[in-house]
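Novice: Sequence first, then the predicted structure:
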2 protein chains.
Amino acid sequence: MHFTSERRLDDGVLEREFTLGEIPGFLWTPASASAPVPLILLGPPPLGLRKVYPRLVARARHAAADGFATATIELPGSGDRPRWAAAEQALADLRRAMEAGEPVTDEIIDALILPLVAKAVPEWRVTLDALLALPEIGGPVGYSGGVISIGVRLAMVEPRIVAAGLFAGSFVPRAMFEEARQVTIPLHVLLQWDDEGNDRQAALDLFDAFGSKEKTLHANMGGHTGVPQFAGDAAAHFFARHLK
Amino acid sequence: MHFTSERRLDDGVLEREFTLGEIPGFLWTPASASAPVPLILLGPPPLGLRKVYPRLVARARHAAADGFATATIELPGSGDRPRWAAAEQALADLRRAMEAGEPVTDEIIDALILPLVAKAVPEWRVTLDALLALPEIGGPVGYSGGVISIGVRLAMVEPRIVAAGLFAGSFVPRAMFEEARQVTIPLHVLLQWDDEGNDRQAALDLFDAFGSKEKTLHANMGGHTGVPQFAGDAAAHFFARHLK
């Protein structure tokens, strides 16, 4: 992990950009901390970190105020990272189906999501190794948001993640429902009730499938980007309860 | 409104019992308040106030700590209030259907709930008149919990109620879905995902039906009486946001 830049935000939060091999990322740590702090991994949407930076840094500041470090990495195929042909094809198929008003088939969803999950999850785990080796980062570790299938897989395979906040706002391959049954950590699932790009019933089914004894679904009005402020506050309460 | 008893709880909350005509009730007010306080009406389950007193007083203490007065009244046909033959019959029909593992028909639900709503709602409104006439009670007013159909009707017809927390945990007549569409105040709806006596799909349909622009569904694991502590805290945040 190489830090490539460092600056203080106006509220004192330390923002550092890093690269881990070829993967760029951000690390935010609270203004002052006398001991190693818990960590929340911020899963980004697959739009490129530069594009979603304002949303990420807002979540990072909120978490820092609660005493948490946060970190994120660029997803495979997002931002300046190289595309791969199959993903480009799946994305083109998805766009064509949506523009034609046709159903998005399981084949398209699988082709779009499963390789992304397979590539991204090991990268998050290596990033977690590097972050936890920093003296200022302790634990426990939470995972928040982003592509929900990546969150499901991470929650299933990564024992250092003790709580996850998931955003039921993207296409979910059928295979992920089986993985969801094997998830046992506390979950906080956000659902935008009128999300234009989301299958509400699939989101409810996925919530039902999770094996966790503590799981909470927060459904709010509005579309994909209309998550109300108080929903963010509720997610923060969830992490405060489990990471402190 | 006649106060029949008065005592201080160990945290300083003032608990008063009252009667309003033939209706018994409780009023709880914060230990100290320099100005008239907002009010939350606590809808009880139809089991009798004496039986559910521990749960009610816990909610009252929590609300008092946030600066709210709370009040509740005995439902028609509950506690020591007179039963009526049709309600007894509907309850017997319900028990017979459930014990036989048969579906609870719309006829049974209508017979059980609609007369209860028709009797209870005017009583709550008269109680609200009396409470708001007390110098220590100001506003705004919220409604929380209890038989959800009573909450729906009150939210629709009583303009002094500005926010409602509803518990999707009881049988809902079909007619209430139409009333739900006419509700426009902010709503916080609690759903116990594995509630043995509750139709989950009906609860989701009712949530969908509400006309409110701000409505939030919080679904948690566990049965009817297994509402987790943090779900109560989240409801408290909802009322703090809307009644302060």
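Specialist: Received the coordinates, thanks.

Novice: Grab the most central residue of chain A for me.
Specialist: A:Gly43 (2.2 Å; C-alpha atoms, centre = their mean).

Novice: Pretty sure it sits against A:Ser149.
Specialist: No - checked against C-beta atoms under 8 Å, the pair A:Gly43 and A:Ser149 is beyond contact range at 10.2 Å. (Each C-beta comes from the backbone N, C-alpha and C, glycine too.)

Novice: Those residues of chain A touching chain B, which are they?
Specialist: A:193, A:204, A:207-208, A:212-221, A:228, A:230-231, A:233-234, A:237-238, A:241 (C-beta under 8 Å from any C-beta of the partner chain).

Novice: which of those are buried?
Specialist: Among the residues of chain A next to chain B, those buried by neighbour count (16 or more other C-beta atoms under 10 Å in any protein chain shown) are A:193, A:204, A:207-208, A:212, A:214-221, A:230-231, A:234, A:237-238.

Novice: For A:Leu14, see how far away A:Leu20 is.
Specialist: According to C-beta to C-beta, to the nearest Å, A:Leu20 and A:Leu14 sit 18 Å apart.

Novice: swap that for A:Ala58, please
Specialist: For A:Ala58, the distance to A:Leu14 - C-beta to C-beta - is 16 Å.

Novice: out of those two, which sits in the busier spot?
Specialist: Shown here are A:Ala58 and A:Leu14; by other C-beta atoms under 10 Å in any protein chain shown, A:Leu14 has more neighbours (18 against 11).

Novice: count of neighbours near A:Gln89?
Specialist: Neighbour tally, A:Gln89, other C-beta under 10 Å: 13.

Novice: would you say it is within a helix?
Specialist: Yes - per DSSP: H, G, I helix; E, B strand; the rest coil, A:Gln89 lies within a helix segment.

Novice: Tell me where the model's unsure across chain A.
Specialist: Counting by pLDDT under 70, chain A shows no low-confidence range.

Novice: measure stretch A:38-54 end to end?
Specialist: Using C-alpha to C-alpha, to the nearest Å, the end-to-end distance of stretch A:38-54 comes to 22 Å.

Novice: er, stretch A:16-25 I mean
Specialist: 8 Å.

Novice: ok, residues contacting it?
Specialist: A:1-6, A:26-29, A:49, A:71-74, A:79-81, A:123, A:126-127, A:130 (C-beta atoms under 8 Å, 6 or more residues apart in numbering or on different chains).

Novice: mind listing what's buried in that stretch?
Specialist: A:Arg16, A:Phe18, A:Leu20, A:Ile23, A:Pro24, A:Gly25.

Novice: any idea how far it is from the chain center?
Specialist: Relative to its parent chain, stretch A:16-25 has a centroid offset of 17 Å by C-alpha atoms, centre = their mean, to the nearest Å.

Novice: Tell me the buried residues in the helix or strand where A:Phe207 lies?
Specialist: Element membership of A:Phe207 [criterion: DSSP states H and E] is helix A:200-209. Residues A:Arg200, A:Ala202, A:Ala203, A:Leu204, A:Leu206, A:Phe207, A:Asp208, A:Ala209 are the ones in helix A:200-209 that count as buried (16+ other C-beta under 10 Å).

Novice: Repeat that for stretch A:46-55.
Specialist: Neighbour counts using 16+ other C-beta under 10 Å place A:Pro46, A:Gly48, A:Leu49, A:Val52, A:Arg55 of stretch A:46-55 among the buried residues.

Novice: Output those residues in a markdown table, with distance to B:Gly138 and secondary structure appended to each entry.
Specialist: Formatted as a markdown table, those follow (distance: C-beta to C-beta, whole Å; DSSP: H, G, I helix; E, B strand; the rest coil):
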| residue | distance to B:Gly138 | secondary structure |
| --- | --- | --- |
| A:Pro46 | 50 | coil |
| A:Gly48 | 51 | coil |
| A:Leu49 | 49 | helix |
| A:Val52 | 44 | helix |
| A:Arg55 | 39 | helix |
